[in-house]
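Chemist: The following comprises the amino acid sequence and a computationally predicted model.
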Amino acid sequence: MVHGEGTAHPLRGALDGAHKVVLDPEARWRLVVEYRDTRYDLHHDQEVFLIAAGPRRGYTVYRDAQLRLDRINERDAPSPEQLAAARARSPHALRARTGRQAAASPRTELHPSAAPARNR
């Protein structure tokens, strides 16, 4: 994409300065891009820099872009209820409450190398 001015729409808020490009007729997929100045010796004055690509559903692509640009929107932070629900479903919650290790999945029992590495 050399000239994205006609297809990209400016974003506001935490992604101010970035632009969105709709990829499909159903408007389900997006690119988040920035226009950046190029070096003086290149043919074009600006380049289109891809920040994130992904689904619009659930604000996914915009959250990815915010994380990559280190611009977190406080409104997007999880609510206390969402945090409590996530912790209740976490396999680590059982270990924290009882002091015991959560039951291993059959996959990790059969293949210990498949278990995720842990920080020590």
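Modeler: Now that the structure is in, tell me what you want to look at.
Chemist: Residue 54: what secondary structure?
Modeler: Three-state assignment for residue 54 (DSSP: H, G, I helix; E, B strand; the rest coil): strand.
Chemist: Quick one: residues contacting it.
Modeler: 29-30, 60-61, 64 (Cβ atoms under 8 Å, 6 or more residues apart in numbering). To be clear about C-beta, it is placed using only N, CA and C from the backbone, and glycine gets the same treatment.
Chemist: Sort those by pLDDT and name the bottom one.
Modeler: Among those, residue 60 has the lowest pLDDT, at 88.
Chemist: Once you drop chain neighbours, what's closest to it?
Modeler: residue 54 (5.2 Å; Cβ to Cβ, 6 or more residues apart in numbering).
Chemist: What lies in contact with stretch 25-32?
Modeler: By Cβ under 8 Å, 6+ apart, stretch 25-32 touches 11, 15, 18-23, 50-57, 61-62, 64-65.
Chemist: re earlier: closest to residue 83 out of the contacts of residue 54?
Modeler: Nearest to residue 83 among the contacts of residue 54: residue 60, at 19.0 Å, using Cβ to Cβ.
Chemist: What distance do you get for that closest one to residue 15?
Modeler: 13 Å (Cβ to Cβ, to the nearest Å).
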